[in-house]
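Asks: for reference, the sequence and a predicted model appear below.
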Amino acid sequence: MRQSQLFTKTRREAPKEEVSTNAKLLIRAGYINKEMAGVYSFLPLGLRVRDKIAGIIREEMNSVGGVELEMTALQNQELYEKTGRWSDDVVDNWFKTKLKSGTELGLGFTHEEMITEMLKNHISSYKDLPVYAYQIQTKFRNEERAKSGLMRGREFLMKDLYSFNDNQESLDDFYDQMKGAYERIFERVGLGDLTYITYASGGTFSKYSHEYQTLSEAGEDTIYVSEEKKLAINKEVLTEETLSELGVKKEDLVEKKAIEVGNIFKLGTKFSSALGLIYTDEQGEKQPVVMGSYGIGLGRLMGTVAEVLSDDKGLIWPKSIAPFTLHIVSLGIKDSEAYKVAEELYKHCGEKGLEVFFDDRDIAAGEKFADADLLGMPYRVVVSDKTLKEGKFELKERKSGEVKMVNLSELLAIVK
RNA sequence: CGGGGCAUGGUGUAACGGUAACAUUCACGAUUCGGGUUCGUGAGACUCCGGGUUCAAAUCCCGGCGUCCCGACCA
């Protein structure tokens, strides 16, 4: 893509009301636009990042047998009455609205009820199980306090997978597979080193649920990390009992702030019993389906990467989720030799299947460099009279700042 | 939901109770061309909304909306 075609503009300064690093940088760089507290639009570059994240999540969900669908945001009251979750006293972050007829509706903050109800049309025998269905869909939560940019929003895209198994053992087995999938997701988006599986409160049907927590001062959660075991314990379940069960000593744990980037949860038969999602087993007995749910907030994940992988100059995207891999900066004005060479390079890289962003604008070099740093593509290549004289390209890695003079094939090999 | 802060051109900041200023941005013209170059000319504001005090309110007081932070909450 040519930068001259991108309508978003970078800013020198972040809006004063934004304090969090992720919001400041993403707004300054033109990745997102704030509509109101906790509600952000995704602009072209931001959308590309979010789509990349979605792609990684899809691959990993599919790899453990997930099948994608999409449910609606509008949800009906009756369904939630059956599980007791319609009342504002029980769920305090509902957005509710009404049909013209006066019938009340809810804007979905989650989809356990809806998918369970829907699957009654599709599951009746043990032969129909397991079912692993997921979606990447917009959730609405009327948070009393939205905060920290993309970290806690009122409208946000979430991947939610729901598992349906015939018994606890098969649920447990799938649950472990999901742990693997989640680890791979966080690894692939560049947060692997900072992300810990974290034991958290499990609710009615299981002792623990698991959160994936990424270390960051911007986090809302306090966790206790065991570096040795590569796990953490949420403050909310830090008890003697937990410690002995996990085989860790209190003194080996380090208290840290962290961002919850994902969570997985065994639901048991809470929803299937309440809504009547029943199957017939091999013996002809009726049994409630055993469920689990598994969430990742895409915006929050993107915000987390922006938060922990950036520096004072701007964003630093891992190649896997960068909007573009290579940022070509031409320092020549239109029709100059440098511009022509840069354009050739742009076309050539495009033909090679590289995702390239071409700064073809006729502005000062300093501004281009500042923008490139702010936008944070993994690699920047400069084409100028200086580099032409040497017959090479100047390649800079955003993360390390390392600069190399390379020829075309070297360039392609590194950036690939 | 408790507590606290902030609201002024698109953005960031000034302005003792007395004509709203500067930077940036934007437009035009030069200049420059490896780290937001330099200069000129212009454009852009019912100072968040509603009340009140005062001869006079961006400024003081009350209420509201918005927003940020701390806490509480958080499948």
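Replies: On my side now, so go ahead. Numbers count the residues shown, from 1 in each chain, chains lettered A, B, ... in the order given.

Asks: please identify the helix or strand for whichever residue of chain A sits closest to RNA strand B.
Replies: Closest residue of chain A to RNA strand B, CB to the nearest atom of the strand: residue A:366 (2.4 Å). Every residue, glycine included, has its C-beta placed from N, CA and C. Taking DSSP states H and E as the definition, residue A:366 sits inside helix A:365-375.

Asks: elements contacting that helix?
Replies: strand A:326-330, strand A:356-359 (3 or more CB pairs under 8 Å, 6 or more residues apart in numbering; DSSP states H and E).

Asks: between that helix and strand A:326-330, how big is the angle?
Replies: 170 degrees (axes from the mean of the first three to the mean of the last three CA atoms, to 10 degrees).

Asks: let me see the mean pLDDT of the very next helix or strand once past helix A:365-375.
Replies: Downstream of helix A:365-375, the next assigned helix or strand under DSSP H and E is strand A:379-383. Per-residue pLDDT over strand A:379-383 has a mean of 97.

Asks: now do the contacts for the residue of chain A closest to RNA strand B.
Replies: Counting by CB atoms under 8 Å, 6 or more residues apart in numbering, residue A:366 makes contact with nothing.

Asks: just the pLDDT for it.
Replies: Residue A:366 is given a pLDDT of 95.

Asks: ditto for residue A:204
Replies: On pLDDT, residue A:204 comes in at 70.

Asks: tell me who's in contact with the spatially closest residue to it that is not a sequence neighbour.
Replies: Counting by CB to CB, 6 or more residues apart in numbering, residue A:204 lies nearest to residue A:270, which is 6.3 Å off, once chain neighbours are set aside. Residue A:270 is in contact with A:83, A:204, A:205, A:291, counting by CB under 8 Å, 6+ apart.

Asks: and the longest strand anywhere in chain A, does that touch RNA strand B?
Replies: Counting residues, the longest strand found in chain A (DSSP state E) is strand A:254-268. Yes - judged by CB under 7 Å from any atom of the strand, strand A:254-268 and RNA strand B are in contact via A:263, A:265, A:267.

Asks: contact partners for the last one?
Replies: Contacts for residue A:267 were tallied using CB under 8 Å, 6+ apart; they are A:112, A:203, A:205, A:290, A:291, A:292, A:293.

Asks: closest to residue A:341 out of these?
Replies: Of all these, residue A:293 has the smallest distance to residue A:341: 53.1 Å, by CB to CB.

Asks: how about stretch A:189-203 as CSV, C-alpha atoms only?
Replies: Output in CSV follows, covering the C-alpha atoms of stretch A:189-203 (Å, rounded to 0.1, in the frame of the first residue of the first chain):
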residue,chain,number,x,y,z
VAL,A,189,1.7,-12.6,18.5
GLY,A,190,4.9,-11.9,20.3
LEU,A,191,3.9,-12.2,23.9
GLY,A,192,5.1,-15.7,24.7
ASP,A,193,7.9,-14.7,27.1
LEU,A,194,5.7,-12.4,29.1
THR,A,195,2.6,-14.5,29.3
TYR,A,196,1.9,-17.0,32.1
ILE,A,197,-0.9,-19.5,32.5
THR,A,198,-2.5,-18.3,35.7
TYR,A,199,-4.7,-20.2,38.1
ALA,A,200,-7.8,-18.3,38.9
SER,A,201,-11.2,-18.9,40.5
GLY,A,202,-13.1,-21.7,38.9
GLY,A,203,-16.7,-21.2,39.8
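
Asks: buried residues in that stretch, which are they?
Replies: A:189, A:190, A:191, A:194, A:195, A:196, A:197, A:198, A:199, A:200 (16 or more other CB atoms under 10 Å).

Asks: next one: stretch A:129-140
Replies: Buried, per 16+ other CB under 10 Å, within stretch A:129-140: A:129, A:130, A:131, A:132, A:133, A:134, A:135, A:136, A:137, A:139, A:140.

Asks: list, out of those, those positioned next to RNA strand B.
Replies: Among those, no residue is within reach of RNA strand B (CB under 7 Å from any atom of the strand).

Asks: now the residue lying closest to residue A:135 once chain neighbours are set aside, what's its secondary structure?
Replies: What sits nearest to residue A:135 in space, not counting adjacent residues and going by CB to CB, 6+ apart, is residue A:70, at 4.9 Å. Three-state assignment for residue A:70 (DSSP: H, G, I helix; E, B strand; the rest coil): coil.

Asks: next, residue A:117: phi, psi?
Replies: With angles defined as degrees, to the nearest 10, residue A:117 sits at phi -60, psi -40.

Asks: wouldn't it be in contact with residue A:79 here?
Replies: Yes - contact status for residue A:117 versus residue A:79: in contact at 5.7 Å, counting by CB atoms under 8 Å.

Asks: between the two, which contacts overlap?
Replies: residue A:275.

Asks: for RNA strand B, what are the nearby residues on the stretch 301-416 of chain A?
Replies: A:313, A:331-333, A:364-367, A:369-374, A:382, A:384-387, A:394, A:396.

Asks: report the buried members of those.
Replies: A:331, A:332, A:369, A:371, A:372, A:373, A:374, A:382, A:384, A:387, A:394, A:396.

Asks: not counting sequence-adjacent ones, nearest residue to the third one?
Replies: Spatial nearest neighbour of residue A:369, chain neighbours left out: residue A:329 (7.1 Å); criterion: CB to CB, 6+ apart.

Asks: so what's the one you found bridging to?
Replies: For residue A:329, the beta-bridge partners are residue A:359, residue A:382 (DSSP bridges).

Asks: that one: neighbouring residues, count only.
Replies: 24 (other CB atoms under 10 Å).

Asks: ok, now which ones touch it?
Replies: Applying CB under 8 Å, 6+ apart to residue A:329 gives the contacts A:342, A:359, A:368, A:369, A:372, A:380, A:381, A:382, A:383.

Asks: my guess is residue A:308 contacts residue A:192, does it?
Replies: No - the criterion here is CB under 8 Å, and residue A:308 misses it with residue A:192 at 11.6 Å.

Asks: which strands and helices sit next to the host helix or strand of residue A:210?
Replies: Using DSSP H and E, the element containing residue A:210 is strand A:208-215. Here strand A:208-215 is seen to pack against helix A:168-188, strand A:195-201, strand A:221-226, strand A:231-234, strand A:254-268, helix A:298-308 when contacts are counted using 3+ CB pairs under 8 Å, 6+ apart.
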